[in-house]
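*Asks:* Okay, predicted coordinates and the sequence, questions at the end:
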Amino acid sequence: MTTTEKLAAVDAHIEALHAMVMKTLDDDQAVEVVSIPLAGKTSIADYMVIASGKSGRQVASMAYKIAEKCKNEFGRPARIQGLPTADWVLIDAGDVIVHIFKPDVRQFYNLERMWAFDTSPDAEPNPGEPRMGVLRVEPRNGGLG
């Protein structure tokens, strides 16, 4: 297998993992799902997915399902932090990091803003704010399309 073929296989694996996370969140009725591409911007992961659940029970359930599917479908365990309180749960699936919040906690931490990378000339921050960029991702309120 050539280096190009190996890289293509790795990319396909990452995209399949990301698709599984997005589908699982959609199936479990997560709200305001946002996927932030990180490839080429940081080495921690290729995607960060941020979503909200309506209750701590729903947040925990979604986290457990994603971790279970990572193990069963991809052969690797995902690490989970933030249980049992389930206000903010982090699932580290390697190439995809997932944050699932209760809405009030998500609003407080505002990770979408922290991880914004669009630094195009027309992406100006509000006056007086540090320039990190403006996130250009459409939140998804159901449905994968």
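*Replies:* The structure has been received and is ready for your questions.

*Asks:* where along the chain do the strands fall?
*Replies:* When secondary structure is read from DSSP state E, the chain shows strands at 31-37, 47-52, 79-81, 88-92, 96-101.

*Asks:* C70 and L17 touch, don't they?
*Replies:* Yes: counting by C-beta atoms under 8 Å, C70 does reach L17; the two are 7.4 Å apart. Any C-beta I mention is one placed from the backbone N, CA and C, and that applies to glycine too.

*Asks:* Need the overlap of contacts for those two.
*Replies:* Taking C-beta atoms under 8 Å, 6 or more residues apart in numbering as the criterion, C70 and L17 both touch A93.

*Asks:* for the strands of the chain, which one ends up most surrounded?
*Replies:* Stretch with highest mean neighbour count among the strands of the chain: strand 96-101 (a mean of 25; mean count of other C-beta atoms under 10 Å).

*Asks:* What pairs with it, parallel or antiparallel?
*Replies:* Note on strand 96-101: by DSSP bridges, its sheet partners are strand 47-52 (parallel), strand 88-92 (antiparallel).

*Asks:* Can you lay out those as a markdown table showing distance to V59?
*Replies:* What follows is those, written out as a markdown table (distance: least, C-beta to C-beta, whole Å):
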| stretch | distance to V59 |
| --- | --- |
| strand 47-52 | 8 |
| strand 88-92 | 5 |
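
*Asks:* got the residue ranges for the helices in this structure?
*Replies:* Assigned helices in the chain, in chain order: 3-27, 56-74, 103-109, 111-114 (criterion: DSSP state H).

*Asks:* Dump the strands paired with strand 96-101 into JSON lines; add distance to K65 and mean pLDDT as well.
*Replies:* Shown next, in JSON lines, are the strands paired with strand 96-101 (distance: least, C-beta to C-beta, whole Å; pLDDT from 0 to 100):
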{"stretch": "strand 47-52", "distance to K65": "12", "mean pLDDT": "96"}
{"stretch": "strand 88-92", "distance to K65": "10", "mean pLDDT": "98"}
